[in-house]
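# Pasting a predicted model and its sequence here:
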Amino acid sequence: PPLHPCTPDLTMAGMYQVYSFPGLEHGQVDRLMLKAKSLQLPITSMETEFCFNVSHKQALSAENKKTILWCLSEGGHKIADSSLLKAGPNQFIVEVGPRMNFTSAWSTNCCSVIKAAEIEGVPRVERSRRFLVTTKQALTAEQMSAFVATIHDRMTEMVYEKALTTFDSGMSPKPVRWIPVLEEGRAALEKLNEEDGLGFDDWDYEYYIDLYKNDLKRNPSDVELFDFAQSNSEHSRHWFFSGNMVIDGEEKKETLFRIVKDTLDKNPNANKNSIIAFADNSSSIEHCMVRMLAPAYQTDDKYEAGKPAPLQDCDIKMDLIYTAETHNMPTGVCPFAGAETGTGGRLRDVQATGTGAHYIAGTIGYCVGSLNIPGKEVAYENASWEYPPNLAKPLDILIEGSNGASDYGNKFGEPLITGFTRSFGLRTAGGERREWIKPILFTGGFGQM
């Protein structure tokens, strides 16, 4: 049957590739070359290009393609619909980009631009990076693996073995499993904990066994238990801070959160200055008068808020707000994306205060282990210390985390103005190793309302 006029012709759906040369900036390439040198890889040079993978639900006209090329072009870059890198002797090309099973924030922004250019039916655009690598000799499988690890984030990105034709990952959901807690007790939970890395401790085991055996009187699903594990992560500790404390069998009168709140409630001077505390996405303190350009309804009653009004200079009471959060484990596993999304989540909290606040500037803080900067050995660091394979090295966390935190603010329009950095790793006299192996990423932001 013929398609409805508003239904895209999926028989013409596909992937349109656009290539931009050069890709990475010279400084980025230089850092990768230094990294390759430190790994003793026989790489002599490297060129890069970006590949924009444009998924379309219907055929793109020649005019559509011309507009997309214009939207994706950058000053001084060559752009074409075929690759500008060609491999010769002692050369190879490797391409890395976002994983298929989630859409990147970059794609969301890019699709908004393309839609604003009046091109419909482009649901996703992902930018991959292509590397033309020249070597003295062919890389071994181990060397190739080491090189690929330096050019992409294994958590959010993957190697593209060939040009993409679809963003379909080919993945299908696993069937739900019912965990035999009623029959096997703690052993069933321990087995799932080992398989899925849920991070349950003795308290978790006791609580969940009691919940399902005595209250719910049924077996849990693996989905429920995985959800519990996330709820008990460092992102979701409010239930813990507001829960009743039982220490040595004695229930305490105050919760941890109550103790924190008392620092404000029992300080009469602080209450005079505090506008919002423990009640919204950000805290707020007493205002000051700010001279600013604002809609006339701020000072003139004949204009209605939300309706068209001229702009005029006026003095407005603006309360100062500040919020902060950590994004530690994500930054340790995936420094760029972890710091980037940590900054983004905190920025959301600034804007979501009250009925709408305005961001001003961001702050950032990093606490990492020993840096072991190549060529800069220092007496208090030990380069032989090992780090968990699922976490990035401290130096990489500082560099990529800093790039990620700045990147989100730059895209949003929030400057990152100040912060702190701490690096620490020490073997005590008793032989204990103390170090920020899991880093601290502390993001904060000022705003006004």
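Alright, I've got the coordinates.
# what about residue 418, helix or strand, and which?
Assigned by DSSP states H and E, residue 418 falls within strand 416-423.
# swap in residue 287?
Secondary structure assignment for residue 287, by DSSP H and E: strand 283-295.
# follow-up on the earlier one: can you give me the offset of the strand holding residue 418 from its chain's centre?
Its chain's C-alpha centre and that of strand 416-423 lie 18 Å apart, by CA atoms, centre = their mean, to the nearest Å.
# hmm, who's touching it?
Residues from elsewhere that reach strand 416-423 (CB atoms under 8 Å, 6 or more residues apart in numbering): 361-371, 394, 398, 405-406, 409, 436, 440. C-betas here are computed from N, CA, C, even on glycine.
# Buried among these? Need that as a selection in ChimeraX.
This is the ChimeraX syntax for the buried subset of the contacts of strand 416-423, where burial follows 16 or more other CB atoms under 10 Å:
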select :362,363,364,365,366,367,368,369,370,371,394,398,405,406,409,436
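# Now intersect the contacts of strand 416-423 with the strands, please.
Assignment to strands by DSSP state E places the following of these there: 361, 362, 363, 364, 365, 366, 367, 368, 440.
# Tell me the bridge partners for the fifth one.
When bridges are assigned using DSSP bridges, the partners listed for residue 365 are residue 420, residue 442.
# wouldn't it be in contact with residue 439 here?
No: when contacts are counted by CB atoms under 8 Å, residue 365 is not listed as touching residue 439 (10.2 Å).
# Output the below-cut-off pLDDT ranges for the protein.
Under the criterion pLDDT under 70, the flagged ranges of the chain are 1-12, 233-239, 270-271.
# Mind naming the longest strand for it?
Taking DSSP E as the assignment, the strand of the chain that covers the most residues is strand 311-326.
# For that strand, which outside residues touch it?
234, 275-276, 281-296, 298-299, 342, 345-346, 349-350, 353, 357, 363, 440-449.
# Repeat the analysis, applying 6 Å as the threshold.
Residues from elsewhere that reach strand 311-326 (CB atoms under 6 Å, 6 or more residues apart in numbering): 275, 282-285, 287, 289-294, 296, 298-299, 346, 349-350, 353, 357, 442, 444, 446-449.
# max-length helix in this structure?
When every helix of the chain is counted residue by residue (DSSP state H), the longest turns out to be helix 394-412.
# what packs against it?
Helices and strands in packing contact with helix 394-412 are listed as helix 335-351, strand 358-368; criterion 3 or more CB pairs under 6 Å, 6 or more residues apart in numbering; DSSP states H and E.
# How far does the last one sit from its chain's centre?
Relative to the centre of its chain, strand 358-368 is centred 15 Å away, using CA atoms, centre = their mean.
# Let me know the angle separating that strand from helix 335-351.
Taking axes from the mean of the first three to the mean of the last three CA atoms, to 10 degrees, one finds strand 358-368 and helix 335-351 inclined to each other by 140 degrees.
# on that earlier part again, out of the ones in strands among the contacts of strand 416-423, who's nearest residue 115?
Nearest to residue 115 among the ones in strands among the contacts of strand 416-423, counting by CB to CB, is residue 362 at 28.5 Å.
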